[in-house]
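Participant: Structural data only, the sequence is not supplied:
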């Protein structure tokens, strides 16, 4: 939209409360001595939700964006009938991020990672000449690739070679998007390490992960969708987590909505879940430890390989830093659950039977945790519950289509030479 006015906001360090200006691509407070997130403090205390044709940017009052990019879609929230009836719940609301035109959901990458990509890339200056670097286990890469390709933004993706099957698209991408991979047998952590080496080149800059306010506030649009559809802040929020960034974002959105004053004053309990046996945050939470517990690297790799929801296999999540998941769970009276592959598969099948669309493994983990929480009496039958379905509709979207796959320009060993990585990725652009 040509006449879009950049969102007005300042930054606040969670650890110290210091408020300061965003000078461009700030990921942390340079004056803070302890690990801490920074948050956006928006000039508009009450959000003015724009018409549906604005896509994700209908929530731009609470997104740190300079411009609107083309092609975005917002999450869709609706009151469940099928799944709610099966579970005996009176007020189950589903926020669907994916492709399901029957309910108005049109995210063509089929994942809520689109909310991150449109927000992060909308934060970047239109004249930015450096190459954005994003590490991903799959879904995030697909989302950023689509957004950057459609909008002519230079992007370097780092993805494990074993996960490149996730990089499917309707049509060939703009050559401004390049893919590098860590060799077969590598995981998400290896992809992050490879991206960190690429960032040693002066022409590249980091997306920033959980530290990027645009990533969190883009993901927070799931909660904004739910609350504006329901008319109030939910009592419970269910989501599967790999890094926990989405849950942190939900907590931050909750605080803004309380300050808004029109949606109630309650704090929704964050009910997040991991896919067993890869459960490092669950283990730390059970020990009431702010610090992550030791996790043998070989075991971590094996556990990551076992789980269906590969996108949940983050070994270094923003758990213990100020404003991280530990603080979010403590502040909301939340909890971490565990779901096995078998539980998640059963939940995915039930969701398809009752709601009419396929969902991803991570969303199956969240649904399984809701099922288990209901069975254990952890939620009241009449409570207002938000179930964040973070991805779905892929089978529906792919039906009858001939897809194009992004292939890696370079594949590096698991222990690559830093100088070699820099010189080779620089040559790609």
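Facilitator: Nice, I can see it. Note that the structure is a prediction, hence the values are computed from the model and not measured.
Participant: residue ranges with poor pLDDT in the stretch 1-150 of the chain?
Facilitator: For the stretch 1-150 of the chain, applying pLDDT under 70 flags the ranges 1-2.
Participant: could you pull out the helices for it?
Facilitator: Listed from the start of the chain, the stretch 1-150 of the chain has helices (DSSP state H, counting those that start in this stretch) covering 82-87, 113-123, 139-151.
Participant: okay, the ones you listed, which one's buried deepest?
Facilitator: Among the helices of the stretch 1-150 of the chain, the stretch with the highest mean neighbour count (mean count of other Cβ atoms under 10 Å) is helix 113-123, at a mean of 29. Using the backbone N, CA and C atoms, a C-beta is placed for each residue, glycine as well.
Participant: one step back: so which of the helices of the stretch 1-150 of the chain gets nearest residue 55?
Facilitator: Closest approach to residue 55 among these is made by helix 113-123 (7.5 Å; Cβ to Cβ).
Participant: Helix 139-151 and that closest one, what's the angle between them?
Facilitator: 50 degrees (axes from the mean of the first three to the mean of the last three Cα atoms, to 10 degrees).
Participant: So which elements touch helix 113-123?
Facilitator: In this structure, helix 113-123 packs against helix 139-151, helix 213-219, helix 221-230, with contacts taken as 3 or more Cβ pairs under 8 Å, 6 or more residues apart in numbering; DSSP states H and E.
Participant: Give the burial count for residue 415, as a bare number.
Facilitator: 9 (other Cβ atoms under 10 Å).
Participant: Ramachandran coordinates for it?
Facilitator: Dihedral pair for residue 415: phi -120, psi 70, per degrees, to the nearest 10.
Participant: Please apply the same query to residue 350.
Facilitator: Torsion angles at residue 350 (phi, psi; degrees, to the nearest 10) stand at phi -60, psi -40.
Participant: Enumerate every residue touching it.
Facilitator: For residue 350, the contacting residues are 83, 86, 367, 371, by Cβ atoms under 8 Å, 6 or more residues apart in numbering.
Participant: Same list (those residues) but as JSON lines, adding distance to residue 301.
Facilitator: Listed next are the contacts of residue 350 as JSON lines, based on distance: Cβ to Cβ, whole Å:
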{"residue": "83", "distance to residue 301": "35"}
{"residue": "86", "distance to residue 301": "37"}
{"residue": "367", "distance to residue 301": "27"}
{"residue": "371", "distance to residue 301": "29"}
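Participant: wait, which of those residues is closest to residue 242?
Facilitator: When the contacts of residue 350 are compared for distance to residue 242 (Cβ to Cβ), residue 367 comes out closest, at 16.2 Å.
Participant: Give me the neighbour count for the closest one.
Facilitator: Neighbours of residue 367 under the rule other Cβ under 10 Å: 28.
Participant: Return the residues in contact with it.
Facilitator: By Cβ under 8 Å, 6+ apart, the residues touching residue 367 are 83, 238, 344, 347-348, 350-351, 359, 387, 389.
Participant: I'd say residue 20 and residue 29 touch.
Facilitator: Yes - at 6.9 Å, residue 20 and residue 29 qualify as touching, with contact defined as Cβ atoms under 8 Å.
Participant: so what are the domain limits for this structure?
Facilitator: 9-62, 76-110+212-397, 131-202+403-427 (the TED database).
Participant: contacting residues for residue 11?
Facilitator: 19-22, 26, 29, 38-41, 213.
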